[in-house]
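>>> sequence first, then the predicted structure:
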Amino acid sequence: MLLAGDIGGTKTVLALFDAQAGAALIDRHPVLERTFPSQQYHSLELIVEEFLQECPHHVTAGTFGVAGPVVGGRAQVTNLPWVIESESMAARFGFGIHLLNDLEALATAVPFLEKTDLVTLNEGVGVEHGAIGVIAPGTGLGEGFLVWLGTRYESYPSEGGHCAFGPTTPLQLEMLNYWLPRMGHVSYERLCSGLGIPNIYSFLRQTSRYEEPQWLRDALAEAADLTPVIIRTAVASEADICVATLELFMEILGDQAGNLALTVLATGGIYLGGGIPPRILPQLQKGPFMSFFRDKGRFSEMMGRIPVHVIYNPKAALYGSAYDAMALSGLL
């Protein structure tokens, strides 16, 4: 029995898988699965302990995909005050634990995804065994990539979401100048994530570009998380300021996805993960995302040949952790 986890700033998902089911079935048949609100717990250990109390099976190994950098078996969760150490957790729970960056876990799942798990934004012409890039706007902005090693793909983490934001339009430049003195370092994550969408909205409101309807002001004042309100309003086209916020978000996401494609030469494709892309699929399909993705000067023609997919299966990162645990156990 293998324990897999998708550890995010908003929620933590744990699931138990029967490794004897094999790679073809493991992601479709968890023995037990639970979702926990991350911010209501002081540590991952408390969540695992609660999960195992409900688990009647003996766990032999575990892998957790963590939203933050993992160095030497130690992870600092970017948007939570959690520090996770694989050795101390293994000693506490009695089975080996491997920590992955969450995008490394998501990337691990990509070679196993089926057509029903994906929505294609650009068919392109993928190169067999070409490098693959993964970018995922959720609570934060995660990035990762895969490289072919001769017999299989190997996934690697990245913290490219924390690179300095580079504006590509006059409006984006003005937004950078607005936030730079307020933040000091304006990363892509600060504008292109669940945490970043309210920052785009705030810039548009504070610079008086759009009116904020009273009903929207009231809804935002009552919301614990502004991002879902802004996205829902934009998708329904109920307020111009929200529509403009989402447009800017898609511009920046398209540009940074293109940056990732150039950085790793992702001729095998770019995959959009995270919680936001599946919620704005029609907007991604008809909006500015692909034009900003392709707009790379002399490399624009090459960019148009790169396949671009949205990972529509919300459990992909969890499955990636399970595949990693299988591989480490010699079962994959």
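Arrived safely.
>>> helices along the stretch 201-332 of the chain, start to end?
214-222, 226-235, 240-264, 281-286, 289-294, 300-304, 316-328 (DSSP state H, counting those that start in this stretch).
>>> S86 is nearest to which of those?
When the helices of the stretch 201-332 of the chain are compared by CB to CB, helix 316-328 sits nearest S86, at 11.5 Å. The way it works is simple: take the backbone N, C-alpha and C, and place the C-beta from them, glycine included.
>>> and that closest one, how far from the chain's centre?
Helix 316-328 sits 16 Å away from the centroid of its parent chain (CA atoms, centre = their mean, to the nearest Å).
>>> going forward can the numbers begin at 18, since that is how I track them
With the count now opening at 18, the last piece we talked about shows up as helix 333-345.
>>> you'd agree G141 is up against I323?
Yes: here G141 lies in contact with I323, judged by CB atoms under 8 Å, at a distance of 5.1 Å.
>>> who has more neighbours, these two?
When G141 and I323 are compared for neighbours, I323 comes out ahead with 26 against 18, by other CB atoms under 10 Å.
>>> domain-wise, how is the protein divided?
19-126+332-345, 131-329 (automatic domain parsing).
>>> shared neighbours, G141 and I323?
G286 (CB atoms under 8 Å, 6 or more residues apart in numbering).
>>> out of the helices of the stretch 218-349 of the chain, deepest packed?
helix 333-345 (a mean of 26; mean count of other CB atoms under 10 Å).
>>> what's next to that helix, contact-wise?
Applying CB under 8 Å, 6+ apart, the contact partners of helix 333-345 are 19-23, 30, 32, 34, 36, 40, 43-44, 78-82, 113, 115, 117, 119, 121-127, 129-130, 134, 172, 290, 330, 349.
>>> the closest residue to S317 other than its chain neighbours and I323: what is the separation?
Excluding the flanking residues, the one nearest S317 by CB to CB, 6 or more residues apart in numbering is R311, at 5.3 Å. According to CB to CB, to the nearest Å, R311 stands 9 Å off from I323.
>>> likewise F110?
42 Å.
>>> what comes up buried for stretch 174-194?
Residues 174-180, 182, 184, 188-189, 192-193 are the ones in stretch 174-194 that count as buried (16 or more other CB atoms under 10 Å).
>>> low-scoring stretches of the protein, by residue?
38-45 (pLDDT under 70).
>>> give me the most central residue, it.
A153 (2.9 Å; CA atoms, centre = their mean).
>>> who are the contact partners of that residue?
119-120, 123, 159-160, 289-291, 328.
>>> now flag whichever of those is closest to L237.
Taking the contacts of A153 together and measuring to L237 by CB to CB, the closest member is G291, at 22.2 Å.
>>> what is the burial count for the closest one?
So G291, with other CB under 10 Å, has 27 neighbours.
>>> distance of it relative to I214?
Following CB to CB, the distance that separates G291 from I214 is 12 Å.
>>> now E239
As defined by CB to CB, E239 lies at a distance of 17 Å from I214.
>>> check V252 too.
12 Å.
>>> ditto for Q300
13 Å.
>>> give me the common contacts of those two.
Common neighbours of Q300 and I214 (CB under 8 Å, 6+ apart) are L263.
>>> most distant residue from the middle of this structure?
Distance-from-mean max, the chain, by CA atoms, centre = their mean: Q231 at 32.6 Å.
>>> so who does that one touch?
By CB under 8 Å, 6+ apart, the contact list for Q231 is empty.
>>> please apply the same query to I323.
I323 touches 139, 141, 143, 278, 283-284, 286-287, counting by CB under 8 Å, 6+ apart.
>>> I figured F110 hits V65, correct?
Yes: with contact defined as CB under 8 Å, F110 reaches V65; the gap is 6.5 Å.
>>> quick one, which of those two is more surrounded?
Neighbours per residue (other CB under 10 Å) separate F110 from V65, with V65 holding more: 24 against 16.
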